[in-house]
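S.K.: Sequence first, predicted coordinates after that:
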Amino acid sequence: MERTAIGTVIKGGTVVTATDNARADIFIEDGLVAGIARDIKADGHATLDAQGAYVFPGLIDPHTHLDMPFGGTVTADDFASGTAAAALGGTTTIVDFALHQKGDSLANALKRWHAKADGKASIDYAFHLTIADGRPETIEEIPQMIEREGVNSFKVFMAYKHVLQVDDETIFKVMRAAARFGGLVQVHAENGDVIEVTVAEALANGRTEPKYHAATRPVELESEATSRAIRLAEVARAPLYVVHVSSAMAADAISDGRKRGLPIYGETCPQYLVCDETDYERPDFAGANYVMSPPLRAKWNQNVLLGKLKNSELHAFGSDHCSFNNCGQKELGRNDFSKIPNGAPTIEDRVSILFHYGVNAGVLGLNQFVALASTNPAKLFGLFPRKGTIAVGSDADIVIWDPLASRTISSATHHMNVDNNIFEGMTVRGRPRYVCLAVALSSPATPTWARPDAAYIKNPPRSIPLRCKEFTVSDIITIGLVQAHHDTDGSEPVETHKRVATEKHVRMIRDAAKRGAQIVCLQELFYGPYFCTEQNPKWYEATEHVPDGSTTRLMCDLARELDIALIVPLYERTIAGVYYNTAVVIDADGSVLGTYRKHHLPQVAAGPAGCGFWEKYYFKPGNAGYETFATKYARIGVYICYDRHFPEGARVLGLHGAEIVFNPSATVAGLSEYLWKLEQPAHAVANGYYVGAINRVGFETPWNMGEFYGQSYLVDPRGQFVAIGSRDRDEVVIAQMDRRVIEEVRNTWQFYRDRRPETYGTMVEI
Ligand code: URP
Ligand code: ZN
Ligand code: ZN
């Protein structure tokens, strides 16, 4: 086993991701991909020869059971043997199922599973949680698991009655709770109630051999449960991932759901592509090695499943590795098939089987292979782009795959800690030449890479929290509105005022994020008295060029760190020297999605000499924009100041799909305050969106424009005030918007987005 050098160069291979193939070298440093280029000089770095090989992103197994008590025994592979075998087969990350027990907490289940992996795993790992009961305490723990523990997928079993099975009520509750917080529910889809009957009848009739495991679990019961789970997810408005799809009939149920536009995802496994129901007939109780649930099916199903992988109707390839020795474990069911522990050892050969029977067979393209075995699981379970692709900055989990090297699979040579292999005797072409593990490459004291022909040395384990970015279908989004006044008499240097105001806002944004806010809007007049800049020209000093201004950059970093979207009003100076009152919209990954420039049409008159609105300086025709911005959490619009000057603007934001419109400020004083509290709910109702507004209250004489407070509120599309802040102090108002209310109001109003072009096409300048 080699030791790490300063860096590692993978030379001469063909880099294959889910989207691209390119002849390129890869430079790895500190466990990360640091460079990808046509020709990278070795320059004293360690070199891995990839001539004639494909260079894949580390392959990800989203479905494993290690060290799991099941069927009256415990799986033969624990985290040590299971992850070592996985690595040698090309798998660099697994997502294992932490098993919850009825009456216990999810936190305990997770703790137990961390203890099993801690110090034993050789590759990076993450956890799904199974859910064994629907007690209120359990359901309430789901958001905590997502937000605090990095677990975002929850599996429910519709089979294994009296052991793991839960009822539809529980499934529905889990779906709703998980979806609300961006989690994904997985389902083992078989009708456990009916299986209870068919198994009892078979045994009563003396049918005890392994083949009756399959006979008592017909495809109809898998298909029925799959359809039921999809319908439950449809009602719960939840995405769903169906694990270990074994049959064409169940896969068709997934395709049907997807045709209805539902976010349903399906996984199949190597055993269902290459083994079939005749394997149960193997002599000497070897048929027991194939006892798994769902069972192996008639052979013709294999091609249908492969076709569905090709056509993206199935999306991920998991092993469902769940190994039991024939001797002493499978034997528990020698006289009763229902006592045979369910599961098979597949973690090591998953990748080879997909490559040989998918790619070599000419069915799957190389990019599809990578998508199924790595990229899609990474995206579905929140590991992407850290894992699942080869890109600068991604983990250096990389498999150098020799497509011509053959091997014959056998329990005599495999690395799993189990006495059988259901692929025994199959000769497959394609195997890893090297497997680079980011965890090892990031630490000089540990091995650089695994070689299948060398003894495997254990690396320090690393638990990877899942942060699911793919599913933002949560109904409930938490909004933070920051109202903060800024004391100034205008005498201090602008830079001082700007710094103090910024520091205050950073503190308040952090507070909002701590309280769960996902989208945070700041009050206008971010830097204080710039409204009548014409009268106080020194405040021009506070302006900045938006894309690279110091405030924008600071706020982008903060958004990325806290995983929140931010609406930041500031005073903009374009390269051409034009000033705008602007709101910058920043997404949770720290990218600037765009800007809104305060816009009044028609312009209101310029104020009297010496003061007034001077709006002609702010509202330049031609910069009108009613763009909406798709943040990670919701599609938002921004509208600064009175919308009464151009109410169609508010309408157009609705027609452009805004779910919430932020107004960081309506102006101050007198009647404005009361009018504005009427205007905003009216827009919310008329346009079917939420309004998150920060009014400015108090008086601003004599136009120093700095000493007033915000008063924040969230209004729902029914016109109700969901939350409202104080009139006279700084405050972070936290409130939740609920997409179902938007839908209800829009359906009531028959609010047609598709009328946009003909109605507003000529009015909207973007
Ligand atoms: O038979 C199987 N599949 N054993 C593992 C547990 C499960 O249902 O995924
Ligand atoms: Zn299962
Ligand atoms: Zn499983």
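M.R.: Received the coordinates, thanks. Residues are numbered from 1 along each chain as shown. Ligands and ions are numbered 1, 2, ... in the order given.
S.K.: Ligand 1 contacts on the stretch 651-766 of the chain?
M.R.: Within the stretch 651-766 of the chain, no position is adjacent to ligand 1 by C-beta under 6 Å from any ligand atom. The C-beta positions use only the backbone N, C-alpha and C, and glycine is treated the same way.
S.K.: Does L522 touch V482 like I think?
M.R.: Yes - applying C-beta atoms under 8 Å as the test, L522 and V482 come out as touching, 4.8 Å apart.
S.K.: Show me what the longest helix anywhere in the chain packs onto, helices and strands only.
M.R.: Ordering each helix of the chain by length in residues (DSSP state H) puts helix 494-514 first. Packing partners of helix 494-514 (3 or more C-beta pairs under 8 Å, 6 or more residues apart in numbering; DSSP states H and E): strand 476-483, strand 519-522, helix 550-562, strand 731-738.
S.K.: ranking these by burial, who's on top?
M.R.: strand 519-522 (a mean of 29; mean count of other C-beta atoms under 10 Å).
S.K.: sorry, back to before: now the angle from the longest helix of the chain to helix 550-562?
M.R.: Here the directions of helix 494-514 and helix 550-562 differ by 20 degrees (axes from the mean of the first three to the mean of the last three C-alpha atoms, to 10 degrees).
S.K.: Is it possible to get a markdown table of the helices and strands packed on helix 494-514 that adds mean pLDDT?
M.R.: Below are the helices and strands packed on helix 494-514 laid out as a markdown table (pLDDT from 0 to 100):
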| stretch | mean pLDDT |
| --- | --- |
| strand 476-483 | 93 |
| strand 519-522 | 96 |
| helix 550-562 | 95 |
| strand 731-738 | 94 |
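S.K.: Kindly reformat those as CSV containing distance to E424.
M.R.: Below are the helices and strands packed on helix 494-514 laid out as CSV (distance: least, C-beta to C-beta, whole Å):
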stretch, distance to E424
strand 476-483, 50
strand 519-522, 55
helix 550-562, 49
strand 731-738, 54
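S.K.: Please identify which of the ones you listed is closest to A98.
M.R.: strand 476-483 (25.4 Å; C-beta to C-beta).
S.K.: What residues are bridge-paired with the residue lying closest to M737 once chain neighbours are set aside?
M.R.: Closest residue to M737 apart from its sequence neighbours, by C-beta to C-beta, 6 or more residues apart in numbering: Y690 at 4.6 Å. The partner list for Y690 in beta bridges (DSSP bridges) reads I660.
S.K.: And for the one 5 residues further on?
M.R.: The residues paired with N695 through beta bridges, assigned by DSSP bridges, are A666, Q711.
S.K.: cool, and N21?
M.R.: Beta-bridge pairing of N21 under DSSP bridges involves V16.
S.K.: residues contacting it?
M.R.: 14-15, 366-367 (C-beta atoms under 8 Å, 6 or more residues apart in numbering).
S.K.: Which of those are buried, as a ChimeraX select command?
M.R.: ChimeraX command restricting these to the buried ones, with burial defined by 16 or more other C-beta atoms under 10 Å:
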select :14,15,366
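S.K.: rewinding a little: determine the residues that are contacts of both of L522 and V482.
M.R.: Taking C-beta under 8 Å, 6+ apart as the criterion, L522 and V482 both touch 505, 509, 694.
S.K.: The last one and ligand 1, how far apart?
M.R.: If I follow you right, that is I694. Distance, I694 to ligand 1, using C-beta to the nearest ligand atom, to the nearest Å: 50 Å.
S.K.: re earlier: tell me which residues of the longest helix of the chain come out buried.
M.R.: Across helix 494-514, burial judged by 16+ other C-beta under 10 Å covers 494, 497-498, 500-502, 505, 508-513.
S.K.: Out of the residues you listed, which is nearest to ligand 1?
M.R.: Lowest distance from ligand 1 to the buried residues of helix 494-514 (C-beta to the nearest ligand atom) belongs to A513, with 36.9 Å.
S.K.: How confident was the prediction at the closest one?
M.R.: For A513, the pLDDT comes out at 95.
S.K.: Which positions in the stretch 101-250 of the chain make contact with ligand 1?
M.R.: Counting by C-beta under 6 Å from any ligand atom, the residues of the stretch 101-250 of the chain near ligand 1 are 188, 244.
S.K.: Now do the same contact list for the residue in the stretch 101-250 of the chain that ligand 1 sits nearest to.
M.R.: Relative to ligand 1, the nearest point of the stretch 101-250 of the chain is H188 (4.9 Å; C-beta to the nearest ligand atom). Neighbour list for H188: 155-160, 164, 243-244, 293 [criterion: C-beta under 8 Å, 6+ apart].
S.K.: The same query, at a cut-off of 6 Å, please.
M.R.: Neighbouring residues of H188 by C-beta atoms under 6 Å, 6 or more residues apart in numbering: 157, 159, 243.
S.K.: Grab the nearest non-local neighbour of the first one.
M.R.: Among residues not flanking F157 along the chain, L164 sits closest, at 4.1 Å (C-beta to C-beta, 6+ apart).
S.K.: what number of residues lie near T19?
M.R.: For T19, the count of nearby residues is 10 (other C-beta atoms under 10 Å).
S.K.: swap that for K310, sorry
M.R.: For K310, the neighbour count with other C-beta under 10 Å is 15.
S.K.: Backbone dihedrals for it, both of them.
M.R.: In terms of degrees, to the nearest 10, the main-chain angles of K310 are phi -60, psi -40.
S.K.: measure A50 to G13 for me?
M.R.: Using C-beta to C-beta, to the nearest Å, one gets 3 Å for the distance from A50 to G13.
S.K.: Where does pLDDT dip in the stretch 451-600 of the chain?
M.R.: Applying pLDDT under 70 to the stretch 451-600 of the chain picks out residues 451-474, 487-490, 525-537, 599-600.
S.K.: swap the cut-off to 80 and go again
M.R.: The model of the stretch 451-600 of the chain has pLDDT under 80 over residues 451-475, 485-492, 524-540, 574-581, 597-600.
S.K.: Go through stretch 72-89 and flag the buried ones.
M.R.: Buried residues in stretch 72-89 (16+ other C-beta under 10 Å): 75-89.
S.K.: check those residues against ligand 1, which are close?
M.R.: Okay, of the buried residues of stretch 72-89, nothing touches ligand 1 (C-beta under 6 Å from any ligand atom).
S.K.: wait, which of those residues is closest to ligand 1?
M.R.: T75 (8.6 Å).
S.K.: Assumed I6 was part of a strand.
M.R.: No - applying DSSP: H, G, I helix; E, B strand; the rest coil, one finds I6 to be coil, outside a strand.
S.K.: which residue sits closest to it in space, ignoring its chain neighbours?
M.R.: Nearest to I6 is H45, by C-beta to C-beta, 6+ apart, at 5.8 Å.
S.K.: That neighbour: how many residues sit nearby?
M.R.: Neighbours of H45 under the rule other C-beta under 10 Å: 17.
S.K.: my read: it touches V9, true?
M.R.: Yes - H45 is in contact with V9 according to C-beta atoms under 6 Å; the separation is 5.1 Å.
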